[in-house]
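> let me see the structure of the following:
(one chain, ligands or ions: 2)
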Amino acid sequence: MDRKLIFKNKIISELDKKGFRNSPKRNAIISAFVSSNKHLNADELYAIAKKIKAGIGFVTVYRTLKLLVKYGFAREVDFKDGFTRYEINDEPSVQHDHLICIRCGSVIEFKDAEIERLKDKASRDTGFAPIFHRLEIFGICKHCSKKKAKLG
Ligand SMILES: [Zn+2]
Ligand SMILES: [Zn+2]
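Numbers count the residues shown, from 1 in each chain. Ligands and ions are numbered 1, 2, ... in the order given. Purely as a prediction, here's the structure:
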């Protein structure tokens, strides 16, 4: 089975166990979110979800996203473009981080085991129990640097 489908089914069954009854609308939102695989804000997800299933309201989309974050199925990311964005969190053990271009808004994802090691060390040294981390690095992407060089 496809990994996204497995993850979607896992979310739905675990929410069900927590007492959130299976709802066709919520399932459609979760499905749209998991299969998009992007950093969507609530408006963008709403636009996709209502195409899949008629009658979905923005509030339901918003609440579903908050629910997914609360139970660790999604995480919030902030690329300083005025929106809270969300992404699926299907591999919490190998978390990725973000490089964000402040010119074109492109987002590059990267993973580095060294960051995990630093996080573990800092936590150990201070007796801290980490749950998740967020690292967003802002700057100018390769593409935009080239463009600027040409103009100047
Ligand atoms: Zn750029
Ligand atoms: Zn990401």
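> helix, strand or coil for the closest residue to Cys104 other than its chain neighbours?
With sequence-adjacent residues excluded and distances taken as Cβ to Cβ, 6 or more residues apart in numbering, Cys104 is closest to Cys144, at 5.5 Å. The C-beta positions use only the backbone N, C-alpha and C, and glycine is treated the same way. Taking DSSP: H, G, I helix; E, B strand; the rest coil as the rule, one finds Cys144 in the helix state.
> identify the residues contacting Cys144.
Counting by Cβ atoms under 8 Å, 6 or more residues apart in numbering, Cys144 touches Cys101, Arg103, Cys104.
> how far away is Lys50 from ligand 2?
Lys50 sits 24 Å away from ligand 2, going by Cβ to the ion, to the nearest Å.
> same check, this time on Glu109
Separation of Glu109 from ligand 2 (Cβ to the ion): 5 Å.
> on the pLDDT front, check Asn37 for me.
Asn37 is assigned a predicted lDDT (pLDDT) of 75.
> which bits of the chain sit near ligand 2?
Glu87, Glu109 (Cβ under 5 Å from the ion).
> all strands for the chain, in order.
40-41, 74-77, 85-88, 97-101, 107-110, 136-139 (DSSP state E).
> the second one - what's its average pLDDT?
Here the mean pLDDT over strand 74-77 is 92, rounded to a whole number.
> grab the most central residue of this structure for me.
Glu87 (1.3 Å; Cα atoms, centre = their mean).
> pLDDT value on the residue nearest to Cys104, please?
95.
> any idea how far it lies from ligand 2?
19 Å.
> quick one: stretch 49-62 to chain centroid distance?
Distance of stretch 49-62 from the chain centroid (Cα atoms, centre = their mean, to the nearest Å) equals 19 Å.
> cool, and stretch 95-106?
13 Å.
> that one close to ligand 1?
Yes - Stretch 95-106 is in contact with ligand 1 by Cβ under 5 Å from the ion, via Cys101, Arg103, Cys104, Ser106.
> before we move on, what about stretch 134-142?
Yes - using Cβ under 5 Å from the ion, stretch 134-142 reaches ligand 1 at Cys141.
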